[in-house]
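*Asks:* Pasting the sequence and the predicted model now:
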Amino acid sequence: MDNTQTQLDDEIEIDLWELFQILLKNWLWILLSTLGCAILGLLITMFLITPKYRAEATMIVNTRQDQTATVTNDQITSAQKLVDTYSIIIRSRRVIDPIMEELNIEDDYEDFVEDITVESVDSTQVMSIQVENKNPEVALQVVQEIIDRAPGAIISTVEAGSVNVVSEPYVNSEVPVSPSKLKNTAIAAFIGLFVSSGAFLLIAFLDNTFKSEED
């Protein structure tokens, strides 16, 4: 039993060494393939993929309370949980359809709303509204429309709370948020490395000719 296990370990060690030798023998081609794919990925990202810009605004969510009442921790916790509910309302057709009509946006609702994100900021009752679009001005206009329409829609739907603007809509029209040049270049480089290494190993495995007297 021990001899069999030792023989198996030796075979595995030899196989791994043979694999390493195959890759080492073709290291230059593997390197060139990796660099070539990385450059190709960078060029595709720069010239063939339409960049998207992100506009953002923040709003604060408050639960209904009497003017004389003090704000308690329970009320703040409740407001934090309501952000998820408010997110559904903000991204609903009730709010988004009129915005699309107002701005003459001809995209499908399902596709358009995928670029709208509403989330809590650091688990507080402040929510961030983010809109991505290939046109930074359109992204900014959509955010502005949302913060104009959202308070009324939220309050009338849940019949409680108030929504106030914390920071006005802002967009950086010079720096797109996607695609990521670094990420796409790294992915392309990994694909080049994986494919080229696999190709050389496959060629070696399919080669059943004798290379030496030992073979």
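*Replies:* In hand now; what should we look at?
*Asks:* Where is the longest helix in the chain?
*Replies:* In the chain, assigned by DSSP state H, the helix with the most residues is helix 181-206.
*Asks:* Can you name every helix or strand that that one contacts?
*Replies:* If contacts are counted by 3 or more Cβ pairs under 8 Å, 6 or more residues apart in numbering; DSSP states H and E, helix 181-206 sits against helix 2-25, helix 27-47. Heads up, the C-betas are built off the backbone N, CA and C, glycines and all.
*Asks:* and it, which residues are buried?
*Replies:* Within helix 181-206, the residues that count as buried by 16 or more other Cβ atoms under 10 Å are 184-185, 188-189, 191-193, 196-197, 200.
*Asks:* Looking at that helix now, give me its mean pLDDT.
*Replies:* Helix 181-206 comes out with an average pLDDT of 91.
*Asks:* Can you tell me the SS state at residue 169?
*Replies:* Here residue 169 is strand, with the state taken from DSSP: H, G, I helix; E, B strand; the rest coil.
*Asks:* how close does it sit to residue 52?
*Replies:* Remark: distance between residue 169 and residue 52 (Cβ to Cβ, to the nearest Å) = 16 Å.
*Asks:* Have a look at those two and say which one is more surrounded.
*Replies:* Neighbours were counted for residue 169 and for residue 52 using other Cβ atoms under 10 Å; residue 169 has more, 21 against 17.
*Asks:* Kindly provide the distance from the more buried one to residue 141.
*Replies:* 8 Å.
*Asks:* What of residue 100?
*Replies:* As judged by Cβ to Cβ, residue 100 and residue 141 stand 11 Å apart.
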